[in-house]
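Q: can't give you the sequence, but here's the structure:
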């Protein structure tokens, strides 16, 4: 541990540093409040012993400034040193941010007990911080897993719903368009029945990868909507831009040439896409259901028209 001793009396500071040295602590000395604050920022000690009565800033003022530097994120034990020992002095020291109060002249045995107690508190705090960090990491990982589709590794339906609601609200404030793509694998049941469910799962994984590669911006989101259905959210995207993304997706699937020996559409895997675009009215925070309905209807039209095509909602 490193201790910062802020004490304007040379004899007292020397004696305290000698005591601390016997306890195995490294010491840094400061002669007044301002140099003590500078040393605190520079050295980042594990413990501060702080005289109350000093010529420039008194110990209570210094303690408040040290706590302001830490901003509640860090915590360094502060032990006040003073010849005054009234209840009011003790209460004022604790209120200023101190953790303990020693009366001068300082007893080596009492100082050793106080330092030992502060060491225990520091260790307990370190354990608590490590545990908290591990818990935070576990919670973040749990949240990430809860937002990911287990098969394809892309966003799941729950994450899709959250992002669509957020982007719709944002569009209602900005007055910018938002587009949605609904994508369905053509005759996927026949693929599963003919090729087997494991190849079917691999097919969905490959398609998810193709969809992600076709997106152009970090704000775009591709999600598995359910079964063999996928959805793409395109914030700040008008109909023309959404159609361009859909064309890129169709081209990527076509170039991948995934065999589908049980399709009436093509010897290779094909998809159908429905597109819907809207500019929400200002203040409309719950109208995303309309966009979903329009995209679903456009997808149904694409399927009914023979599949392997893109249909854009009016």
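A: Thanks, I have it. Not measured: the values here are computed from a predicted model.

Q: can we go C-alpha only for contacts and neighbour counts from here?
A: Noted.

Q: can you give me the strands in the stretch 51-200 of the chain?
A: Under the criterion DSSP state E, counting those that start in this stretch, strands of the stretch 51-200 of the chain are mapped to 78-82, 100-103, 178-185.

Q: what sits up against the last one?
A: What it means is strand 178-185. Contact with strand 178-185 is made by 167-168, 171, 228-239, 242, 246, 269-279, 291-292, 295-296, 299, as judged by C-alpha atoms under 8 Å, 6 or more residues apart in numbering.

Q: from these, which land in helices?
A: Judged by DSSP state H, helices contain the following of the contacts of strand 178-185: 167-168, 171, 239, 242, 246, 291-292, 295-296, 299.

Q: farthest-separated two in those?
A: Within these, 171 and 299 form the most distant pair, 23.2 Å apart (C-alpha to C-alpha).

Q: which residues of the stretch 151-300 of the chain score low on pLDDT?
A: In the predicted model of the stretch 151-300 of the chain, residues 285 satisfy pLDDT under 70.

Q: and with 80 instead?
A: Along the stretch 151-300 of the chain, segments meeting pLDDT under 80 span 283-287.

Q: and residue 205, what element?
A: Applying DSSP states H and E as the criterion places residue 205 in helix 197-214.

Q: so residue 283 is in contact with residue 172, correct?
A: Yes: here residue 283 lies in contact with residue 172, judged by C-alpha atoms under 8 Å, at a distance of 5.8 Å.

Q: compare neighbour counts for these two and give me the winner.
A: Higher neighbour count among residue 283 and residue 172: residue 172, with 21 against 14, using other C-alpha atoms under 10 Å.

Q: isn't that one up against residue 278?
A: No: contact between residue 172 and residue 278 fails when scored by C-alpha under 8 Å: they sit 10.0 Å apart.

Q: give the contact list for residue 16.
A: 5, 106.

Q: any idea how far it lies from residue 277?
A: As for residue 16, its distance to residue 277 is 74 Å (criterion: C-alpha to C-alpha, to the nearest Å).

Q: what about the residue nearest to residue 105 when sequence neighbours are not counted, how many residues close to it?
A: Leaving aside its chain neighbours, residue 105 sits nearest to residue 83 (7.3 Å; criterion: C-alpha to C-alpha, 6 or more residues apart in numbering). Residue 83: 13 surrounding residues under other C-alpha under 10 Å.

Q: show me the domain layout of the protein.
A: The chain resolves into domains spanning 2-130, 157-312 when parsed by automatic domain parsing.

Q: I'm done for today, thanks for sticking with me.
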